[in-house]
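A.B. asks: with the sequence up front, the predicted model follows.
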Amino acid sequence: MILAILFMMMFSMDVFEGDKSLPEKLGGFLIHNIPVFFLAVLLALAWKKELWGGLLITAVSVFLMVYFHSFTTNKGSLYIIVPFLLAGILFILCYVMEKRQPQQKP
C-alpha cells in the first residue's frame, strides 16, 4: 500500500514544470496530493486498528470502483483501486487471524 501511495504521489510532480512561482507550484503540489494524504491517514489508522482501517480502506475502494464505473466503462481505474482493495482485505484478514490464535502467556 505504501508503494501504491508513492505511485499516486509521483503523478503530482508535473506541477513543478512551467514558469509559475514557487508558492504556486507548492500549492498545486499540495492540492494534487489531497487523495494521497487521505490514503496515508487510512494506512496509519489501519496500522493501529487493523479491523477498522481494513474496513475503511475496503469501503473507500468499493466506493471508488462504483464512482469511476470501473466495471463498465473505465476498466483502467482498477489498476489504481485494486491494490488498495487488496490491502484492506489483508488488514481484515490479519485481524481475524490474530484473534484466532490462542493467547500465549509470557
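C.D. replies: Noted; the coordinates are in hand. Just so it is clear, the structure is predicted and the values come from calculations on it, not from any experiment.

A.B. asks: max-length helix in this structure?
C.D. replies: With secondary structure taken from DSSP state H, the chain has its longest helix at helix 78-100.

A.B. asks: what packs against that helix?
C.D. replies: helix 2-10, helix 34-48, helix 50-67 (3 or more Cβ pairs under 8 Å, 6 or more residues apart in numbering; DSSP states H and E). Where you see a C-beta, it was placed from the backbone N, CA and C, and this is true even at glycine.

A.B. asks: go again using 7 Å as the cut-off
C.D. replies: helix 50-67 (3 or more Cβ pairs under 7 Å, 6 or more residues apart in numbering; DSSP states H and E).

A.B. asks: residues near V36, how many?
C.D. replies: Per other Cβ atoms under 10 Å, the neighbour tally for V36 reads 18.

A.B. asks: follow-up on the earlier one: buried stuff in the longest helix of the chain?
C.D. replies: I80, I81, P83, F84, L85, A87, G88, L90, F91, I92, Y95 (16 or more other Cβ atoms under 10 Å).
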